[in-house]
Each structure stands twice: as C-alpha cells, then as structure tokens.
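Trainee: Here is the input, now give the coordinates:
(one chain, ligands or ions: 1)
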Amino acid sequence: MVLAEKELAFETVLLNLGDKDQLKPDYLKLNPNGVVPTLLDGNNVILESSVICEYLDEQYPGVALTPKDVVARARMRAWMHFAEEVTVPAIRVPSFNRAFLYRFKGLDQARFEAEQMNVRKVRREMFQRMGKPTGFSREDVDIALGQLDDTCSRMHAALKHGPWLLGDQFTLADVLVIPAIDRMVDLGLEGIWQTNYPRVGEWYRRFQARPSFAATYYPGSRVSDFLELHPLYID
Ligand SMILES: N[C@@H](CCC(=O)N[C@@H](CS)C(=O)NCC(=O)O)C(=O)O
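Mentor: Residues are numbered from 1 along each chain as shown. Next up is the predicted model:
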C-alpha cells in the first residue's frame, strides 16, 4: 500500500505460506523470523511491516505519509504500536478458526507440533494456544472480538476529528490498521462496527476510493478468495 501511495515501481515475489515457503532456508537467510513481508531495496533487506512502511516513507519522501509535527508523529506511532500489539494478534484468532486451521486437517498432535508448531520462528506460542489443530477456544475468540471492538471504538473516537486517524492527513496509522479492518470484512465481522462505530465504515469506504486500495486488495488477495470459510466457533 505504501509503495502504491508513493507510486514506486516494485516487483512482488509471492510466497505460499501453506507450503511453508517462508520457512525455507533461502528465505530464512533474508528474513530469519520466517514471516512475510520482506522488503529488498537494492542490497538493503528491511524487515517488519511497520519498519518497512517507515523506511519507505523516509527513503522516498515525495508523498509524505508521516506528519511533520513531532507530537502528531508520536500519535501516529502510538497507533502503529497498538495495531501491532492488539489488533493484528486479535484478527489472527478468527482468521485461523474460519480459514487457516483447515490446512492442518488430518494432523495428529505429534505431527502438528513437529511440522507446524515447533518450526515457527516467531509464531510458536500462537500455534500452541491454538492447540492440536482443534482451533482457538470460544473464550479466546471472544477475547479477540473484544480487542477488535476496542480498536473500532478508538477509531470511531479518533475519526471525529477528520477523515483519517490523525485528522486531515492520510498517514501510516491508517495504513497499519487497514489490514485488520479489511480482514474483518472478509471474515464477515463488520457487524462489530456497523451499529456502534459508524465512522469506521465511512473511513473504510473512503479508503476503498484510494487507488492504493485496489492495488493492495486485488482479486485473489483476500483469504476468502482462496480458502473456504468455516464457522467462527469450533466447539
Ligand atoms: N511482525 C511481522 C509479522 C508478519 C506476519 O505475521 N506475517 C504472517 C502473514 S500475515 C506470516 O508470514 N505468517 C507465516 C507463518 O506464521 O508461518 C511483520 O509485521 O512483518
């Protein structure tokens, strides 16, 4: 999305996470965390989504996605941290129960641990919590939905002051939050904001009108485009 906002030319190399391409030796040499994305800019390897976004904004400053004002920059970074610490881990829970879990169908406990859980570099704990490929518990799902509700509530409050999370300027705060909001739509969870936090829906529609949105969420890129969706609660 940042590349598209800045109209930078780039090449995409897609990895198949179901085939564990992200854990293959050649990729681990670039990204020892074994996750996507990785940005390769010339000889520079840049890791971590939010770091990649800030790097691109600093390295290619034409279209600024960071406020000039120091206090506003701090508020932007606080949104980025919140998205990464609360919203993104929360959206993984319904994502696994509705879609990704079914990749592990047929694995017993021992194989799940050996082939899926223990091989993860930065994701072992989450796989452990998911259990033998049985999925996240009702309690875990409800905690995650509460965190997504909290995200929407904070967004609704922030959007009182302008079209974007920081006010008039579209910033990296918006960029870091959109993946979870779009995934909520993909998983049929938009009811979380529809009644109580209508500004989130308006923000999402505004986002959809930006050319960078279509460049990011192209046909085939969403989970429901390539995986079957199952019920949210397993038990
Ligand atoms: N903190 C990392 C997290 C990246 C991440 O979680 N990527 C997921 C896909 S959205 C992944 O590569 N999962 C592969 C796996 O869990 O093995 C970042 O923001 O770059």
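Trainee: Is it correct that Val93 is in contact with Glu139?
Mentor: No. Counting by CB atoms under 8 Å, Val93 stays clear of Glu139, with 10.5 Å between them. C-betas here are computed from N, CA, C, even on glycine.
Trainee: what about these two, which has more around it?
Mentor: Legend: neighbour count by other CB atoms under 10 Å for Val93 and Glu139, higher for Val93 (24 against 8).
Trainee: Could you measure from the more buried one over to the ligand?
Mentor: 13 Å (CB to the nearest ligand atom, to the nearest Å).
Trainee: Leaving out chain neighbours, which residue sits closest to that residue?
Mentor: Ala144 (3.7 Å; CB to CB, 6 or more residues apart in numbering).
Trainee: what helix or strand does the one you found sit in?
Mentor: helix 138-158 (DSSP states H and E).
Trainee: Identify the residues contacting that helix?
Mentor: Residues outside helix 138-158 that contact it (CB atoms under 8 Å, 6 or more residues apart in numbering): 82-83, 86-87, 89-94, 97, 129, 136, 165-166, 177, 180, 184, 189, 192-193, 196-200, 203, 232-235.
Trainee: Which of these fall in helices?
Mentor: In helices, judged by DSSP state H, the following of those are found: 82, 89-94, 97, 129, 177, 180, 184, 192-193, 198-200, 203.
Trainee: sorry, back to before: now restrict the contacts of helix 138-158 to buried residues only.
Mentor: The neighbour count (16 or more other CB atoms under 10 Å) marks 82-83, 86-87, 90-94, 97, 136, 165-166, 177, 180, 184, 189, 192-193, 197, 199-200, 203, 232, 234 as buried among those.
Trainee: Quick check: the residue of the chain most remote from its centre vs the ligand, distance?
Mentor: Distance to the chain centre peaks in the chain at Ala110, reaching 29.3 Å (criterion: CA atoms, centre = their mean). Remark: distance between Ala110 and the ligand (CB to the nearest ligand atom) = 19 Å.
Trainee: Confirm that residue sits in a helix?
Mentor: Yes. Counting by DSSP: H, G, I helix; E, B strand; the rest coil, Ala110 is located in a helix.
Trainee: Name the residues of this protein found near the ligand, please.
Mentor: Where the chain comes near the ligand, counting by CB under 6 Å from any ligand atom, the residues are 17, 22, 34-37, 48-49, 120, 123.
Trainee: In helices only, show me those residues.
Mentor: Per DSSP H, those map to helices at Ser49.
Trainee: State the helix or strand in which the residue nearest to Ile52 when sequence neighbours are not counted lies.
Mentor: Of all residues not flanking Ile52 in the chain, Leu39 sits nearest, at 4.6 Å (CB to CB, 6+ apart). Assessed by DSSP H and E, Leu39 sits inside strand 38-41.
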